[in-house]
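# Got a sequence here, can you model it:
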Amino acid sequence: MNPYLGELRIHWRALASAVFGLSCGLMTVSYVLGMIGPALIAEFHWTKSQMALVGVLSIGAVFMAPIVGRLTDILGVRKVAGVGVVFTPLLFVAITWVKTFEAYAAVFFLLATILITTIPPVYCRAVVQHFNRARGIALGIAMAGPSSTVAIGGPLLNNYIADHGWRAGCLLVAAITAVGGLIALLLLPPDQIVSSTMQTKKQHAKKDYSFILRNRSFWIICVAMLLCNLPNAIMMNQLSLVLAENGAVGKGASIMISAYAIGTILGRLICGVALDRFWAPLVATVSLASSGIGMLTLASPYDSPIVVFLATLCFGLAVGSEGDIIAYIVMRNFGLKLYSTVFSIVSSATSIASVTGALLLSLILKLYGHYAPFFVLAGVMAMTASSLFLLLPRNPTVEDQWL
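As a prediction, the model looks like this:
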C-alpha cells in the first residue's frame with residue numbers, strides 16, 4: 001500500500017477523533033449562537049446593541065487559549081478536551097432556562113471560555129503526533145470537519161429552529177455535542193506525554209516559555225498571522241455588505257457567499273496536500289497571499305460578477321488554508337513537546353488581529369464611508385506578511401524527545 005495513504009488507514013482513529021471533536025466544538029457551536037440570536041431578541045425584546053455587547057465577553061477566550069494549550073501539552077488531549085465535552089451540552093441546556101439578559105450573558109461567557117478546550121490546538125495534537133508523511137492532508141481533513149458540518153447542518157438546524165423554536169434547537173445541539181464529543185474521546189489514541197512532579201513542571205514551564213519567546217521562528221509566525229488576519233472580522237460579519245458594495249445583491253450575493261464557503265473547505269484540503277509535498281513556508285506564502293489578491297480585487301473598480309466571485313473565492317481559500325498552515329508549521333518548528341502551547345498562543349494572536357481589524361475598519365468607514373480603503377490597506381499587509389514565512393529555517397532542528 002502507498003505509505004502516504006497507509007498512514008490515513010493506520011491512524012484513522014486519531015483523525016476521526018479530531019474531526020468529531022472539532023465539529024462538536026467551538027468552531028461549529030459559535031455559529032449556533034448566531035442562529036438563535038434573532039429568536040432571543042424577538043422573545044425577550046433585547047436590543048441588537050445588547051446582543052452585540054455579549055460578543056465582547058468572548059475576549060476572555062483569547063486569554064484562556066494559551067492556558068488551555070499549555071495544559072494540553074502537560075495533561076494530554078483527552079483530559080483537556082473532556083472538559084468541553086462534558087460542559088458544552090450542559091450549558092446549551094442551561095440556555096433554554098434563561099429569562100434575563102444577565103443570565104444569558106453569564107451562560108455565553110461560560111460557553112466561550114469552556115469551549116476553548118475544543119479548539120484546534122487541543123485536538124490537532126492528536127493528529128500531528130500520529131501522522132508524518134500525510135500530516136498535511138490529515139490536518140486539512142480535520143480542519144474541514146467543522147466547515148462541512150456548518151455547511152450541511154447549518155441550514156437544517158436553522159429550519160429546525162424555525163419549526164420547533166430556539167429552545168428545541170438548543171436541546172438538539174446539546175444532544176449532538178454530547179454524542180459527538182463522546183465519540184471523539186472514545187476514538188482518541190493514547191497521548192504521548194511525560195509525567196513529572198509539580199516542581200519539575202514549573203521548572204519546565206519557565207524553560208519552555210523562555211525558549212519560545214527567544215525563538216525567531218515564533219515571532220515570524222505570530223507577526224505574519226497577526227497581519228494576515230486583520231480582515232477576518234469583516235468577512236465573517238459583514239460579507240453581505242461588502243458584496244453589496246461590489247454590486248452583488250440578492251441571489252447574486254448568495255452565490256458569492258457560497259464561493260467563500262466552498263473556498264474555505266477547498267483551501268483546507270488543497271493546502272493540506274501541498275504541505276505534504278512542498279516546502280511549508282512557500283505553501284504558506286502562496287496560500288495566504290491569495291487573501292491579499294482577493295481584497296485588492298474587491299477594492300478595484302472591476303466589479304463584474306465573475307471578478308467578485310473569484311475575489312471571494314480567493315479569500316475563502318486563504319481562510320481555509322490558515323488553520324492547516326499554523327498547525328503544520330508549529331509542529332515543524334517546535335515539535336510535539338511545545339505544540340499546543342505555541343499553537344494556542346498563535347491562535348490568540350489571530351483573534352486579537354480580528355478585533356484590531358474590526359476597530360480599524362470602523363475608523364476607516366467613519367472617514368471614507370466605504371470598504372475599499374480598508375481592503376487596499378489589509379490586502380497590501382496580507383501580501384507583505386505572507387512573505388515573512390520565507391524567513392523561517394528550511395530545515396529546523398527540533399529538540400523533542402518524542403520525535
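
# how far does the helix or strand hosting Ile262 sit from the chain's center?
In this assignment (DSSP states H and E), Ile262 forms part of helix 251-277. Helix 251-277 sits 14 Å away from the centroid of its parent chain (Cα atoms, centre = their mean, to the nearest Å).

# Tyr328: what's it in contact with?
Contacts here follow Cβ atoms under 8 Å, 6 or more residues apart in numbering; on that basis Tyr328 touches Val128, Arg135, Gly136, Leu139, Leu275, Ala280. Heads up, the C-betas are built off the backbone N, CA and C, glycines and all.

# What separation is there between it and Ala138?
Applying Cβ to Cβ, to the nearest Å, the value for Tyr328 to Ala138 is 10 Å.

# cool, and Trp97?
On the measure of Cβ to Cβ, Trp97 and Ala138 end up 40 Å apart.

# Settle it for me: which of those two has more neighbours?
Using other Cβ atoms under 10 Å as the criterion, Trp97 and Ala138 rank with Ala138 on top: 29 against 10.

# Leu5 is in contact with that one, correct?
No - the criterion here is Cβ atoms under 8 Å, and Ala138 misses it with Leu5 at 11.1 Å.

# Return the set of buried residues in the strand or helix carrying Ala112.
Taking DSSP H and E as the definition, one finds Ala112 inside helix 101-114. For helix 101-114, a neighbour-count test (16 or more other Cβ atoms under 10 Å) marks Phe101, Tyr104, Ala105, Val107, Phe108, Phe109, Leu110, Leu111, Ala112, Thr113, Ile114 as buried.

# Flag every buried residue along the strand or helix carrying Val330.
According to DSSP H and E, Val330 maps onto helix 305-334. For helix 305-334, the neighbour count (16+ other Cβ under 10 Å) marks 308-334 as buried.

# Next: stretch 154-172.
For stretch 154-172, by 16+ other Cβ under 10 Å, it's Gly154, Leu157, Asn158, Tyr160, Ile161, Trp166, Arg167, Gly169, Cys170, Leu171, Leu172.

# which stretch of helix or strand covers the second one?
Take DSSP H and E as the rule and Leu157 turns out to sit in helix 135-164.

# Count the neighbours of Val342 for me.
By other Cβ under 10 Å, neighbour count at Val342 equals 30.

# try Ser362
When neighbours are defined as other Cβ under 10 Å, Ser362 has 12 of them.

# quick one: it from Tyr368, how far?
12 Å.

# where does this protein have low pLDDT?
Under the criterion of pLDDT under 70, the regions of the chain flagged as low confidence span 1, 48-49, 51-53, 55-58, 192-203, 232-257, 397-403.

# Outline the domain layout of it.
What automatic domain parsing lists as the domains of the chain is 1-193, 194-403.

# Hmm, Leu313 and Ile262 touching each other?
Yes - the pair formed by Ile262 and Leu313 meets the contact definition of Cβ under 8 Å, at 7.2 Å.

# How much space separates Arg268 from Ala224?
19 Å.

# actually Leu377, not the one I typed
From Leu377 to Ala224 the distance is 17 Å (Cβ to Cβ).

# cool, and Thr350?
According to Cβ to Cβ, Thr350 stands 10 Å off from Ala224.

# Which one's more surrounded, these two?
Set side by side, Thr350 and Ala224 show more neighbours around Ala224, with 29 against 19, by other Cβ under 10 Å.

# and that one, what element?
Going by DSSP H and E, Ala224 is in helix 216-228.

# Mind giving me the packing neighbours of that helix?
helix 280-299, helix 305-334, helix 339-368, helix 372-386 (3 or more Cβ pairs under 8 Å, 6 or more residues apart in numbering; DSSP states H and E).

# by contact count, what packs against the first one?
Going back to what we said before, that points to helix 280-299. By 3+ Cβ pairs under 8 Å, 6+ apart, helix 280-299 packs against helix 216-228, helix 251-277, helix 305-334, helix 372-386.

# Would you reformat those as CSV and include distance to Ala42?
Listed next are the helices and strands packed on helix 280-299 as CSV, based on distance: least, Cβ to Cβ, whole Å:
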stretch, distance to Ala42
helix 216-228, 38
helix 251-277, 24
helix 305-334, 31
helix 372-386, 32
